[in-house]
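**Q** missing the sequence, but the structure's below:
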Ligand code: NDP
């Protein structure tokens, strides 16, 4: 038997359909159009491409998309002044500063300046703080971790009372996804580069989240039969037979783990499509909050 495939593209499609319906209602009944501002500093081609696809998706969802682009040598004051202006603009409900920023900029300070109500990436220290506290709710949940949880829920995977093992403790994926699972009453174990027996620890998991950035590290004998495995990793591996000379693989050895897991996300087409969908979801939530429709 092979695992049930968790199709991130299809689930993201459901989310977009829900967003489009809500946007139509928001416009008609309240005269509000959600607006997302993207801030790009410099010419990093990967960042440019991420920003373009976010802007394109905004348009598809019926949002206003405001693209702000500063030169690579923009001083800290200019980036801060831009964030302040966007904070004050009532037509903007979400501000996304594309990371990484050029090295001379104080990234933590810039992210901390984004208004809490517009922090659609969910990385503001106050949002992360609330995420890490019992009984508190952040205004926005970080997009990739939020996407992992949506994949589980919408695939009918029970979280409450289950053992969840998270491979990776980064601020953008491992740590927040662990907090989200804890909020949903899973018992969590967070692994990292100093964890002693990874295969043994992973085998305890009913839910295994892999976010390490190591191609195909998780093998079938790391996985408990029937477990739900979410592969966040996106790794390039050389492949002379591929048009671009490489292909993308996850942190999970898909073909191997597919023989044991109960549920499994592919790479690409699993967590990847969910990240932008959750960003749009957060922007919509920002617009609804600004209109007084939600807390
Ligand atoms: P980071 O490099 O920031 O973190 C990796 C984590 O994995 C660290 O906690 C590190 O441990 C741990 N780790 C690394 N190697 C090992 C190892 N051999 N054994 C055990 N633990 C290890 O990565 P990110 O969290 O930013 O990203 C993880 C993966 O997810 C990447 O492939 C990235 O491309 C992908 N990603 C995908 C997204 C999507 O939209 N699908 C979005 C964001 C990321 P330690 O802390 O001890 O160093």
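**A** Now that the structure is in, tell me what you want to look at. All values reported here derive from a predicted model rather than from experimental measurement.

**Q** what's the neighbour count on the nearest residue to residue 35 once chain neighbours are set aside?
**A** Closest residue to residue 35 apart from its sequence neighbours, by Cβ to Cβ, 6 or more residues apart in numbering: residue 64 at 4.0 Å. Placement of C-beta: from N, CA and C, glycine included. Neighbour count for residue 64, taken as other Cβ atoms under 10 Å: 16.

**Q** Report the contact partners of residue 170.
**A** Applying Cβ atoms under 8 Å, 6 or more residues apart in numbering to residue 170 gives the contacts residue 211.

**Q** can you check the one 10 residues further on too?
**A** Residue 180 makes contacts with 131, 141, 145-146, 148-149, as judged by Cβ under 8 Å, 6+ apart.

**Q** Looking at the residues you listed, point me to the pair that's furthest apart.
**A** Using Cβ to Cβ, these span at most 13.7 Å, a distance reached by 131 and 148.

**Q** quick one: which of the contacts of residue 180 is nearest to residue 217?
**A** residue 148 (17.4 Å).

**Q** picking up where we left off before, more neighbours: which of residue 131 and residue 148?
**A** Taking neighbours as other Cβ under 10 Å, residue 131 and residue 148 compare with residue 148 leading, 30 against 22.

**Q** Up against the ligand, what does the protein have?
**A** 144, 167-170, 172-174, 191-195, 198, 211-214, 232-235, 271-272, 275 (Cβ under 6 Å from any ligand atom).

**Q** Mind checking which of these are in helices?
**A** Mapping these onto helices (DSSP state H) picks out 144, 174, 198, 272, 275.

**Q** List the residues that contact the third one.
**A** For residue 198, the set of contacting residues under the criterion of Cβ under 8 Å, 6+ apart consists of 167, 191, 222.

**Q** which one of these has the most neighbours?
**A** residue 167 leads the contacts of residue 198 on contacts (other Cβ under 10 Å) with 30 neighbours.

**Q** which phi and psi does residue 249 have?
**A** phi -130, psi 160 (degrees, to the nearest 10).
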